[in-house]
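Colleague: Using only what follows, build the 3D model:
(2 chains)
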Amino acid sequence: MRFIFKTSYEQDIRLAKHGGHLFWYGLLAVGLVLAPWLLPEYWLAQLTFVLIYAIAGLGLMLLAGFTGQFSLGHAAFLGVGAYAQAILTNAGWPFPLAMVCAALLAAAVGVVVGLPALRVKGIYLGIATLAFGFIVEEVLARWESLTGGNAGLMAGPPALFGWTIDSNAGFYAICLVTAVLATLGTLNLLRTPTGRAFIAIRDSEISAQSMGIHLARYKTLAFALSAALAGLAGALYAHKLQFLSPDQFNILQSIDLLLLVVIGGLGSVHGAFLGAIFLIAMPQLISLGKDYLPEAIGQAPGLQAVVYGAVLIAFVLFEPMGLYGRWLKVRTWLQLFPFYRQGMFKRQKSFQKSDRLK
Amino acid sequence: MTPDTLLSARNLSVRFGGVLAVNDVSFDVRAGEVFTLIGPNGAGKTTVFNLISRIYQPTSGEIDFAGPQGMVRLTQQAPHQVASLGIARTFQNIELFEHASVLHNLLVGHHTHRRTGFWSDLLFTPAARAAELATRERVERVIDFLDLQHHRESLVAGLPYGVRKVVELARALCTEPRLLLLDEPSSGLNVEETDDMAFWIQDIVHELGITVLMVEHDMSLVSRVSDRVLAMNQGQVLAMGTPAEVQGDAKVAEAYLGSIDDVASLRRQP
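Modeller: Next up, the predicted model:
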């Protein structure tokens, strides 16, 4: 059991709270940097996907997990980012500049989508964003002169002034740097007034407002930031797949992203990464398990959707705080061994005001 | 209006459809006093609070407030600007940020005094770091003042009701207000906690120099801390004066207890 005695406010705002954090995150960083040399090509590609989804997940986490605004059309921002990146890099722009533009464009679209959020809440916001997702998918399919329509659009590998990064390791490095920067930015926001305003809006709009928080401004900001991160992930996604078509950014992709944040654990930055790992690992596990199942079930076309649905229901019922919530319990169990009590994480049912995050 | 008037409400009325919730109410709150609104349920006390904190728009009438830059017409301000003018409030049914720690709640209270923008927050520049440290120091004073050290890191969702009340008071104090609106500060508290609350209200007025406007039902608390009391019933002002004067007022007694004729008619006929 570790006791932290704080002697300065500096300790309170530091990202690594104690030596344990430094050690384990340091180890993780070393592992991630060395991954291209340690992992075979296939696993490196999967890790790259995890990073890309984690960036998009961070965006949705900021919006759904920290600001309490659910979006059922987040794949649209991914799509806007991806198409912007493909079109700009095809026009010869250096990829970092194109990525910034993709993020800004997605953010601008996010602001537009955020406008109804100032008026509608909960399920109605879900419907509004869902509709927006369909609109974007349709625009991507119909604006053939720009997007190539349903025939799709090719995207090259990232290039910078004639220097092309076409190795897997090089692209992995780009994703890693982007993911680290996105995470640091999110963590920074969360320890400053901006992030606290988001959380305040999630838990009680009325008292957030009476504490002087401009609801409209912060909700719009949350939408813009969330869309920008999704756009950034979309830009990387374009380079990763090298072929874009509108149906990659449909409602199923949006639901995958929502699944990611809920299973990862709403309201935690770790959750975005754990959820991304889940989302990438799950199809592999399912295809591994397929052979052991009777043929009628194992080869049925909708197996993956059924498993996803079952897992989601199980999480909502038994672990509403997601994988990260489970990890917190395991960690507490280890720290307190043998004194862990059953009801330790049980929340009081009464007085619970905020329905958005239980 | 006298020079020491902090808040002045003139002919306030609010109509919700056919219901006149507040009907032609006028009062002045002087700097440095404890001003209490009393009245039976549904008298319109909380509605007056919601008018002051701009959650409702009055149908007619106006409110003036002596902000840091002189008198402002409160009824023309946006709801989120009220806090930066120096008005903080608590809620009747506690509106804390449930899934955040006590410290975090109090830091949100300091929001109006933020000096950094989005970009410096995102990059956590030295300016943002310095502002963060300064904020924590300010908040720590409130934690000291209300004896909340034990609960600093605990999640609000796990705290007992009495402590939540204090945390909400603390969060309001963190906005460093000139006027504090307390909506039923003693509701749901036991006798000892109510006593503590009375001491704190007196300390807030005398030590911190903050004016208090409160809604309260517990008459012993009201007479202990209030300088002036305004009694309301059905949206109208019944009486205003010192606690003793208002308690002795015939109309107030009637509003709470009914008229003597009502009682007479209930008496069993021989």
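Colleague: Sketch out the strands for the chain, chain order is fine.
Modeller: Since no chain was named, I'll use chain A. Counting by DSSP state E, chain A has strands at residues A:153-154, A:159-160, A:163-164, A:243-244.
Colleague: wait, I meant chain B there
Modeller: Remark: strands assigned in chain B by DSSP E are B:5-16, B:19-30, B:34-38, B:60-67, B:70-73, B:87-89, B:179-183, B:211-215, B:228-233, B:236-241.
Colleague: Pull out the buried positions in the fifth one.
Modeller: Of the residues in strand B:70-73, those with enough neighbours to count as buried (16 or more other Cβ atoms under 10 Å in any protein chain shown) are B:V72. For glycine as for every other residue, the C-beta is placed from the backbone atoms N, C-alpha and C.
Colleague: near chain B, which residues of chain A?
Modeller: With the criterion set to Cβ under 8 Å from any Cβ of the partner chain, chain A comes near chain B through A:9-10, A:12-13, A:185, A:188-189, A:191-197, A:199-200, A:202-204, A:206-215, A:221, A:267, A:347-348, A:351-354, A:357.
Colleague: could you dump the strands of chain A to TSV with mean pLDDT and mean neighbour count?
Modeller: Formatted as TSV, these follow (pLDDT from 0 to 100; neighbours: other Cβ atoms under 10 Å in any protein chain shown):
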stretch	mean pLDDT	mean neighbour count
strand A:153-154	88	16
strand A:159-160	82	15
strand A:163-164	81	10
strand A:243-244	92	18
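Colleague: Reformat those strands into JSON lines and put distance to A:T147 next to each item.
Modeller: Converted to JSON lines, the strands of chain A look like this (distance: least, Cβ to Cβ, whole Å):
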{"stretch": "strand A:153-154", "distance to A:T147": "6"}
{"stretch": "strand A:159-160", "distance to A:T147": "21"}
{"stretch": "strand A:163-164", "distance to A:T147": "23"}
{"stretch": "strand A:243-244", "distance to A:T147": "8"}
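Colleague: What sits closest to the residue in chain B that chain A sits nearest to if chain neighbours are left out?
Modeller: Here the residue of chain B nearest chain A is B:A83; by Cβ to the nearest Cβ that distance is 3.2 Å. Spatial nearest neighbour of B:A83, chain neighbours left out: A:G212 (3.2 Å); criterion: Cβ to Cβ, 6 or more residues apart in numbering or on different chains.
Colleague: State the phi and psi torsions of that neighbour.
Modeller: As for A:G212, its main-chain torsions (degrees, to the nearest 10) stand at phi 90, psi 10.
Colleague: before we move on, back to that, for A:F243, find the nearest of the strands of chain B.
Modeller: strand B:87-89 (56.2 Å; Cβ to Cβ).
Colleague: who are the neighbours of the closest one, in terms of helices and strands?
Modeller: Counting contacts by 3 or more Cβ pairs under 8 Å, 6 or more residues apart in numbering or on different chains; DSSP states H and E, strand B:87-89 is packed against helix B:45-52, helix B:161-174, strand B:179-183.
Colleague: Sheet partners, orientation included, of it?
Modeller: Using DSSP bridges, the strands paired with strand B:87-89 are strand B:179-183 (parallel).
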